[in-house]
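> with the input below, show me the fold.
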Amino acid sequence: MTFNEILTKVRNIASGVDASGMGFLAVQVNLTGAEGGVFYVEVNDGKVNVEPYEYADRHCAVTMSLDDFNKLIDGKLDPIFAFTTGKLKVDGDVGKALEFSKIVKK
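Residues are numbered from 1 along each chain as shown. Have a look, this model is predicted:
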């Protein structure tokens, strides 16, 4: 799977999320590997935006391999297990990263 395919997949997931009761959330996702890249997910005013850019004022940055991230969003990799085994690294607010994982999992 390529970075652009992951980005499209995350956008499709985000379009189905009811974020009306959620507060502001900004998470940058750093995908490692040959097909990796950077994008951010922002929840603001009840809408979820996904853009292929870095986010300077983010709550946290999540770093993992593109392969593992794909497993995470498909529900085949538990985010807590990934974090405790080092497959997922969080720079910043871990609570916000957990909130983010609930948005992107199918």
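> tell me which element the spatially most central residue of the chain is part of?
Central residue check for the chain by CA atoms, centre = their mean: the C-alpha nearest the mean position is that of residue 29, 5.3 Å away. Secondary structure assignment for residue 29, by DSSP states H and E: strand 25-32.
> show me the strands in the chain, by range?
Along the chain, counting by DSSP state E, strands occupy 25-32, 37-44, 47-51, 60-65, 89-92.
> select, out of those strands, the one closest to residue 104.
Taking CB to CB, strand 37-44 is the member of these nearest to residue 104, at 7.0 Å. C-beta coordinates here come from the backbone N, C-alpha and C atoms, glycine included.
> contacts for the closest one?
Contact partners of strand 37-44, identified using CB atoms under 8 Å, 6 or more residues apart in numbering, comprise 3, 7, 10, 14, 19, 22-31, 48-55, 58, 100, 103-104.
> give the buried subset of the residues you listed as a PyMOL selection command.
The following PyMOL line selects those of these that are buried, judged by 16 or more other CB atoms under 10 Å:
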select buried, resi 3+7+10+14+19+22+25+26+27+28+29+30+31+48+50+55+58+100+103+104
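> ok so, going back, now the strand holding residue 29 and strand 47-51, what's the angle there?
Orientation check (axes from the mean of the first three to the mean of the last three CA atoms, to 10 degrees): strand 25-32 against strand 47-51 gives 30 degrees.
> strand partners (parallel or antiparallel) of strand 25-32?
Strand pairing for strand 25-32, using DSSP bridges, gives strand 37-44 (antiparallel), strand 60-65 (parallel).
> buried deepest among these, which one?
Neighbour counts (mean count of other CB atoms under 10 Å) averaged over each of the strands paired with strand 25-32 peak at strand 60-65, with a mean of 21.
> run the chain-centre distance for it.
Relative to its chain's centre, strand 60-65 lies at 8 Å (CA atoms, centre = their mean, to the nearest Å).
> which other residues reach that strand?
Here strand 60-65 makes contact (CB under 8 Å, 6+ apart) with 27-33, 36, 72, 82, 87-94, 96-97, 100.
> does residue 89 have beta-bridge partners, and which?
Beta-bridge partners for residue 89, by DSSP bridges, are residue 63.
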